[in-house]
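S.K.: can you look at this prediction? I've put the sequence above it.
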Amino acid sequence: MRVIVCGGAGFIGSAFVRDMLAEHEDWEILVLDKLTYAGNMENLEPVASDSRYAFSKVDIADPHAVREALSAFGTADALVNFAAETHVDRSIADARAFLTTDVFGVHVLLEAVRDHGIGRMVQVSTDEVYGPIRTGSAAEDAPLNPTSPYSASKAGADLQALAHRVTYGTDVVITRGSNTYGPYQYPEKLVPLFATNLLEGQRLPLYGEGLNVRDWLHVDDHVRGVEAALLHGSAGQVYNLGGGHELTNKQITAAILAALGRTWDECVERVADRPGHDLRYSIDSTKAARELGWVPAAVFDDEIKNTVEWYQEHIEWWARLKHSDDFEEWVDRWYASRQGIDDESPTHIAQESRG
Ligand code: NAD
Ligand code: TYD
């Protein structure tokens, strides 16, 4: 099988490339990645000398560059798209790159899949497109109710993909994974940020009351879910991939502290809440279990410890990223924009307006 993997230098995309080459002897993979701040060739180091792997620096929002790369690769059986701007806080600060990559870039890929006769496209989406879920869990037919510029862009991509299925008959499958954790995650997201802050003796900036709930999915389970959707999914279908492990931010913070033997009072700092901060995400993944035979296998209590240990053992991997000008500038800008904001933040307005 010949597969194009967009965004393959990021956290989940690189795990997909590493795992699929290890698992499938007959696969050949071409990675297309723009190498934004989140793209990192070190994530692909373990497969760098594999003759079945190739890399091309391409922006998915550049139709000409995408066309050239696909023509050079020749016949492809599938394209799996992980490429996206992915950090909610960055989308709040400036959404432009989110619209360009997450919406227009996906449009470019859908057109390219059609023009090049690629057998199937998998669009990797997120549980955030359903918006906050007060009770129960969202199934795939739940209404889309995105609330951040990030999730709204991802929802836009999902709708474009489904429209291409109906209008042009494109074979496209969508996966919607939940909050993912594991090695090689850029240290701006909760798990790697908190683990590396502790390792550097910095405090953990917990937003608001820390009562927001996220469902945690190990990266290897996420990758297996995308693989199952690619190999066994039905065209035009959406598959939720939930970790089945919902925790408040306080609970996951406590798990990270415990993994490093640290205490709450010495390490956690409550900071102003994220505007429009969705209270809870929860998805129903029974369709993936029934139709793809996919269920998450990771044991959270073990894997969160292994993940924290990975960051402990790979300081050289994250220290360079965390102490880059880009990252430090971003953190300063974000906290400057949040100065003096109290609990009358738009989060509460958003939650009240939804009843
Ligand atoms: P990431 O931010 O770690 O990596 C994104 C990758 O996309 C990087 O390699 C980056 O260079 C590349 N990229 C960005 N813009 C590009 C462009 N214009 N052209 C080509 N490449 C570009 O992201 P991730 O956490 O690995 O997420 C991968 C996908 O999974 C995303 O689509 C995201 O929405 C989805 N997802 C992530 C999570 C999570 O918790 N991380 C959960 C559910 C779904
Ligand atoms: P994040 O890892 O950014 O993922 P997402 O916003 O896509 O769910 O955040 C996970 C949760 O952790 C979310 O509720 C926001 C919260 N959070 C903090 O409390 N402090 C932080 O510094 C970050 C980055 C996130």
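M.R.: Noted; the coordinates are in hand. Ligands and ions are numbered 1, 2, ... in the order given.

S.K.: and the residue nearest to T263 when sequence neighbours are not counted, what does it touch?
M.R.: Once flanking residues are discounted, T263 sits nearest to L257: 6.7 Å by Cβ to Cβ, 6 or more residues apart in numbering. Using the backbone N, CA and C atoms, a C-beta is placed for each residue, glycine as well. Taking Cβ atoms under 8 Å, 6 or more residues apart in numbering, we find L257 in contact with 198, 204, 263-264, 267-268.

S.K.: those in strands, which ones?
M.R.: 204, 268 (DSSP state E).

S.K.: beta partners of the closest residue to ligand 2 within the stretch 201-350 of the chain?
M.R.: With Cβ to the nearest ligand atom, the shortest gap between the stretch 201-350 of the chain and ligand 2 falls at Y207, namely 3.5 Å. With DSSP bridges as the criterion, Y207 is bridged to V271.

S.K.: from the contacts of L257, which is closest to V106?
M.R.: L204 (33.9 Å; Cβ to Cβ).

S.K.: show me the contacts for the closest one.
M.R.: 193-194, 197-198, 253, 256-257, 267-269.

S.K.: can you classify the residue nearest to T263 as helix, strand or coil?
M.R.: Applying DSSP: H, G, I helix; E, B strand; the rest coil to L257 yields a three-state assignment of helix.

S.K.: per-residue confidence at it?
M.R.: In the prediction, the pLDDT value recorded for L257 is 98.

S.K.: ok, the one 4 residues further on next?
M.R.: G261 is assigned a predicted lDDT (pLDDT) of 97.

S.K.: any idea how far G210 is from it?
M.R.: Noted for G261: a distance of 20 Å to G210, by Cβ to Cβ, to the nearest Å.

S.K.: what segments of the stretch 151-300 of the chain are helices?
M.R.: 190-199, 219-232, 249-259, 264-267, 286-287, 300-313 (DSSP state H, counting those that start in this stretch).

S.K.: would you reformat these as JSON lines and include distance to A95?
M.R.: Shown next, in JSON lines, are these (distance: least, Cβ to Cβ, whole Å):
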{"stretch": "helix 190-199", "distance to A95": "21"}
{"stretch": "helix 219-232", "distance to A95": "25"}
{"stretch": "helix 249-259", "distance to A95": "23"}
{"stretch": "helix 264-267", "distance to A95": "32"}
{"stretch": "helix 286-287", "distance to A95": "31"}
{"stretch": "helix 300-313", "distance to A95": "29"}
